[in-house]
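Chemist: Build me a structure from this.
(one chain, ligands or ions: 2)
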Amino acid sequence: MTDNIPLKDLGNSSESEGQQSGTETFDLYQKKEKIYTRKIEGFYQRLRLFTGWPLLVGYFALPWINWDDRQSVLFDLPNRQFHIFEITFWPQDFMLLGWLLIIAAFALFFITTWLGRVWCGYTCPQTVWTSIFMWAEQITEGDRNARVKLDKQPWTTQKVIKKTLKHGIWLGVSLITAITFVGYFTPIKELVSQLALFNMGPWEAFWTLFFTVATYGNAGWLREQVCMYMCPYARFQAAMFDQDTLIVSYDPERGENRGSRKQGQDYKTAGLGDCIDCQLCVQVCPTGIDIRDGLQYECINCALCIDACNGIMDKMDYPRGLIRYTTEHKLEHKSGNIMRPKLLGYGFALIIMSLMFAYTIGSRTPLELDIIRDRNQLYRETSEGLIENTYTLKVLNMSQNEMSYQIRIGGLEHFRLKGNSVVDVAAGEILSIPVRVEIDPALLPNVNVPIRFEVRAQDQSVSVSEETRFLGPRIR
Ligand code: SF4
Ligand code: SF4
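Modeler: Ligands and ions are numbered 1, 2, ... in the order given. Have a look, this model is predicted:
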């Protein structure tokens, strides 16, 4: 339930004087007024629960889920391995992670061009965490009017208790958020037991503290200022918008002239539109803007003003949708166009990159071979008069299981491999294997011939090969 509909004070304020004279004066460094948002319920707020909760549950639960005897999602920086369920990304795969970020960026461009800032309004962590903090504010300090009153009144025991409770909940949520975040980089079970015993490593302690303060500051104190002054997306999203992008907009044609009216009055003959100028859409707005002034970069498309205005329209028995999701073209009574070059371009690029990424992941070989020649000695003559070169093979098993590999040699058929030709490599292990290769100098056609090492799994599931050089004496 909303509170009674507040009426706008149309007294002789300096603001109204300024607007009447057509000019407004702002102090560039004026103190920012604190925004007291009014709680509102409605269709879009229920919809936000369906987007916010899965995100929260996923964020807090993922590091606690085990997969193949290890944490399901773990960015193991010391060992330079990123585990995401079945897949492990190695430093060699950073290109793929780069791709993943580019795909995410194009997905955001595509969605923004099509549906506007739905990411900001429904799924952005800043929005979701701010909602949690606002809920904590609501249950500890009361509704909007109670909070305004509480802030104005002098410090009393009751005020201290309420504020302490609110900041306690904020700090608790911030700490849990920070531990979870650090738990994506350090095994979370160890981290939590270290925290319980006050025995955290210096880096873990630093980052936990850092993210606790960052969450507390961003969602508790800065709130809409993060969106307005710190988030780069708010600045460049205008480049993605076109006249068919979905936006939250007030319908001036229907709403103007705005103004209060008497019950039962035929407001249309009195020259009034559907907007009763109750200001509720402004009071619920988390960024404190008036959507009736037109599209503004501060608007995060949260649709709180739509729910608020629809509630008013219901009470007044007017049709809903004075503020609604629409497009500029629709507001101008023009037909929409889904086949826009910008939207098609982003969509096409997104599909192509996603397919290529899926193919690269699907055809990725979980085995890597690196060959290092012995740099101390070009070649060696053995007691049997053979020419010998020494190499170190570095075999990286990128699979999740221990593997047995067979090492073979290709090139001239007379090359002979000395040393282990079958090796067992544990999951995630890089095994260094010294090998020697021999040949009768009479069979060596040149001082420098290509030679190929092949490493093949004993179960034939995977193989890699790499070329290097075999050096011998000058042929007389
Ligand atoms: S647009 Fe709706 S909520 Fe906003 S002032 Fe007008 S009637 Fe009230
Ligand atoms: S104007 Fe409406 S949609 Fe935009 S941020 Fe404010 S409440 Fe949300």
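Chemist: Flag every residue of the chain that's near ligand 1.
Modeler: Counting by Cβ under 6 Å from any ligand atom, the residues of the chain close to ligand 1 are 250, 255, 258, 275-281, 292, 308-309, 312, 322-323. Just so you know, the C-beta spots here come from the backbone N, C-alpha and C atoms, and that holds for glycine as well.
Chemist: so which two of these are the farthest from each other?
Modeler: Across the residues of the chain next to ligand 1, the longest distance by Cβ to Cβ is 14.8 Å; it joins 258 and 308.
Chemist: of these two, who's got more company?
Modeler: Taking neighbours as other Cβ atoms under 10 Å, residue 258 and residue 308 compare with residue 308 leading, 25 against 17.
Chemist: My guess is the more buried one contacts residue 291. True?
Modeler: No - counting by Cβ atoms under 8 Å, residue 308 stays clear of residue 291, with 10.1 Å between them.
Chemist: list residues touching both of these two?
Modeler: Residues within reach of residue 308 and of residue 291 at once, by Cβ atoms under 8 Å, 6 or more residues apart in numbering, are 281, 323.
Chemist: send the alpha carbons of the host helix or strand of residue 451 over as CSV?
Modeler: Using DSSP states H and E, residue 451 sits in strand 448-457. Once non-C-alpha atoms are left out, strand 448-457 reads as follows in CSV (Å, rounded to 0.1, in the frame of the first residue of the first chain):
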residue,chain,number,x,y,z
ASN,A,448,70.2,-29.0,-39.1
VAL,A,449,67.1,-31.2,-39.7
PRO,A,450,63.5,-30.9,-38.6
ILE,A,451,62.3,-33.3,-36.0
ARG,A,452,58.8,-33.7,-34.6
PHE,A,453,57.7,-34.9,-31.2
GLU,A,454,54.3,-36.3,-30.8
VAL,A,455,52.5,-36.9,-27.4
ARG,A,456,49.5,-39.1,-27.6
ALA,A,457,47.1,-40.3,-24.8
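Chemist: what bridges to residue 405?
Modeler: For residue 405, the beta-bridge partners are residue 423, residue 457 (DSSP bridges).
Chemist: Revised request: answer the last question for residue 467.
Modeler: Counting by DSSP bridges, residue 467 forms beta bridges with residue 452.
Chemist: Check the gap between it and residue 46 for me.
Modeler: Noted for residue 467: a distance of 62 Å to residue 46, by Cβ to Cβ, to the nearest Å.
Chemist: now residue 188
Modeler: Taking Cβ to Cβ, one finds residue 188 at 32 Å from residue 46.
Chemist: Compare these two (neighbour count), which wins?
Modeler: Legend: neighbour count by other Cβ under 10 Å for residue 188 and residue 46, higher for residue 188 (19 against 10).
Chemist: For that one, give its distance to residue 198.
Modeler: From residue 188 to residue 198 the distance is 17 Å (Cβ to Cβ).
Chemist: Which is the succeeding secondary structure element to the helix or strand harbouring residue 225?
Modeler: Per DSSP H and E, residue 225 falls inside helix 224-225. Using DSSP H and E, the helix or strand that follows helix 224-225 in sequence is helix 232-236.
Chemist: what's the next secondary structure element after that following helix?
Modeler: Heading C-terminal from helix 232-236 (DSSP H and E), you reach strand 247-250.
Chemist: who touches that following strand?
Modeler: Outside strand 247-250, the residues touching it (Cβ under 8 Å, 6+ apart) are 116, 241, 275, 281, 291-292, 294-295, 299, 301, 303, 305-306, 322-328, 331.
Chemist: do the same with stretch 152-167
Modeler: 136, 137, 140, 141, 150, 220.
Chemist: Need the nearest residue in space to the residue of the stretch 51-200 of the chain found nearest ligand 1, chain neighbours excluded.
Modeler: At 14.7 Å from ligand 1, residue 144 is the closest residue in the stretch 51-200 of the chain, using Cβ to the nearest ligand atom. Nearest non-adjacent residue to residue 144, counting by Cβ to Cβ, 6 or more residues apart in numbering: residue 38, 4.4 Å away.
Chemist: just checking, the one you found is part of a helix?
Modeler: No - assessed with DSSP: H, G, I helix; E, B strand; the rest coil, residue 38 is coil; it does not lie in a helix.
Chemist: Need the residues that contact the helix holding residue 225.
Modeler: 32, 35, 286, 287, 288, 298.
Chemist: Check the secondary structure at residue 465 for me.
Modeler: Classification of residue 465 by three-state DSSP places it in strand.
Chemist: hang on, it packs against residue 450?
Modeler: No - taking contacts as Cβ under 8 Å, residue 465 lies outside contact range of residue 450: 11.8 Å.
Chemist: Angles on the backbone of the closest residue to ligand 1 within the stretch 351-476 of the chain, please.
Modeler: With Cβ to the nearest ligand atom, the shortest gap between the stretch 351-476 of the chain and ligand 1 falls at residue 351, namely 39.5 Å. Dihedral pair for residue 351: phi -70, psi -50, per degrees, to the nearest 10.
Chemist: what's the neighbour count on it?
Modeler: Counted with other Cβ under 10 Å, residue 351 comes out at 12.
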